[in-house]
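Asker: sequence and predicted structure, then a few things I'm wondering about:
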Amino acid sequence: MIVQANRRFALHLLIGVFVIALLAITLLRLIFSEGAWWILASKSMLPAIAMTIAIASWPKCYTFLVQRNNKVLFLPPLLDLNGVWRVEIQSNWSRIQQLTGTSVFSIDHVPLKKVTGTLSLQCDFFQTRGYFQVDDADSDRSSRTKRSDIVATSLRKENNYYVFSYMAKAVVSDPATETDEQNYLFSAEVMFPKGEMDRGGGQYWTNRKYNTGHNAAGELTLVRKTEN
C-alpha cells in the first residue's frame, strides 16, 4: 500500500510513462511502416501498456524516480524502502522465560534480550516483498527461527512520520513443545521521520504460543545498510 503522496506520484508517473511509450512506439511505426497515424497509435496501445507495467514493477526504477523526486525542494519527500536494513530488537523473551519457572519474583531486573538481523525489501509501485533473518539463524540452537517471509505491508503518513507496518510468517526449526510452535506471525510498526529516511524505530509483537502467554514483544530499530 502506498500513502497518498506516493499514490499521486505513482499515478503521475504511470500516466507519463504510458504517454511516452505510446508516442515512441507510434513514432517508430510511422517511420518504418505506412498507414494512418491513428491506426498505428491504436495498435501501439497494448505494447505501451505492457511497457508501463514492466517499468512500474521494477524496484530499481522505483528507487531511481523516488530519489529524483526527493531532490526537488518543493515536492514532498517520499520513503523508499528498497534495500537491506540492519535490524536491532530488544525483546521481552528473556523475561517470559523467567516467568515459566516455578518461582515467582520480580522480573524488572531481567535485561531484555537483544536480537540482531537483516530485513531485505523490494518495493515497486504495486507491492512490497521481503524477508527478515536473524544473525544467528545458522547457530546450533535447538529451536530457532531461520527466516520470516513478509506476507502483508502498509505505508501511511502520520503527522511528520512515515509509518511502515508489516506482517511476516516465521517457521521454527525443532520447536520446543513447552514454549514453541512450528510457525507463528510476526508484526511490526516502524516510524520514519520525514527528515531521516534511513533510520526508523518502533515496536514488534508476535502470536508465538500466545495461548500460554509466551508471545514476545519489544522494540526494534531499522538502519539502512544498502540500497537495491
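Answerer: Yep, that arrived.
Asker: so N211, which state does it fall into?
Answerer: Using DSSP: H, G, I helix; E, B strand; the rest coil, the structure places N211 in helix.
Asker: for this protein, name the helix or strand with the lowest mean pLDDT.
Answerer: helix 37-43 (a mean of 57; mean pLDDT, DSSP states H and E).
Asker: okay, strands next: where are they in the chain?
Answerer: Remark: strands assigned in the chain by DSSP state E are 83-91, 113-123, 128-134, 144-158, 161-173, 183-193, 199-206, 217-226.
Asker: out of these, the one nearest L65 is which?
Answerer: strand 113-123 (11.8 Å; Cβ to Cβ). C-beta: built from backbone N, CA, C; applies to glycine.
Asker: relative to I15, which of the strands of the chain is closest?
Answerer: Here strand 113-123 is closest among the strands of the chain (Cβ to Cβ), at 20.1 Å.
Asker: so which elements touch that closest one?
Answerer: With contacts defined as 3 or more Cβ pairs under 8 Å, 6 or more residues apart in numbering; DSSP states H and E, strand 113-123 has these neighbours: helix 59-70, strand 83-91, strand 128-134.
Asker: if you set the cut-off to 10 Å instead, what comes out?
Answerer: helix 59-70, strand 83-91, helix 93-99, strand 128-134, strand 144-158, strand 161-173, strand 217-226 (3 or more Cβ pairs under 10 Å, 6 or more residues apart in numbering; DSSP states H and E).
Asker: packing partners for the last one?
Answerer: Using 3+ Cβ pairs under 10 Å, 6+ apart as the contact test, the elements touching strand 217-226 are strand 83-91, helix 93-99, strand 113-123, strand 183-193, strand 199-206.
Asker: isn't N82 up against F125?
Answerer: No: with contact defined as Cβ atoms under 10 Å, N82 does not count as touching F125 (11.8 Å).
Asker: common neighbours of those two, please.
Answerer: Counting by Cβ atoms under 10 Å, 6 or more residues apart in numbering, the shared contacts of N82 and F125 are 59, 62.
Asker: using the record's assignment, carve this protein into domains.
Answerer: Domain segmentation of the chain under automatic domain parsing yields 4-56, 83-226.
Asker: weakest of those by average pLDDT?
Answerer: Among the domains of the chain, domain 4-56 has the lowest mean pLDDT, at a mean of 63.
Asker: bridging residues for A152?
Answerer: For A152, the beta-bridge partners under DSSP bridges are M167.
Asker: before we move on, what about R156?
Answerer: In beta-bridge terms (that is, DSSP bridges), R156 pairs with V163.
Asker: heads up, I number from 49, so please use that
Answerer: Yes, from this point I'll number from 49; that puts the last item at R204.
Asker: isn't it right up against V211?
Answerer: Yes: in this structure, R204 is within contact of V211 by Cβ under 10 Å, at 5.2 Å.
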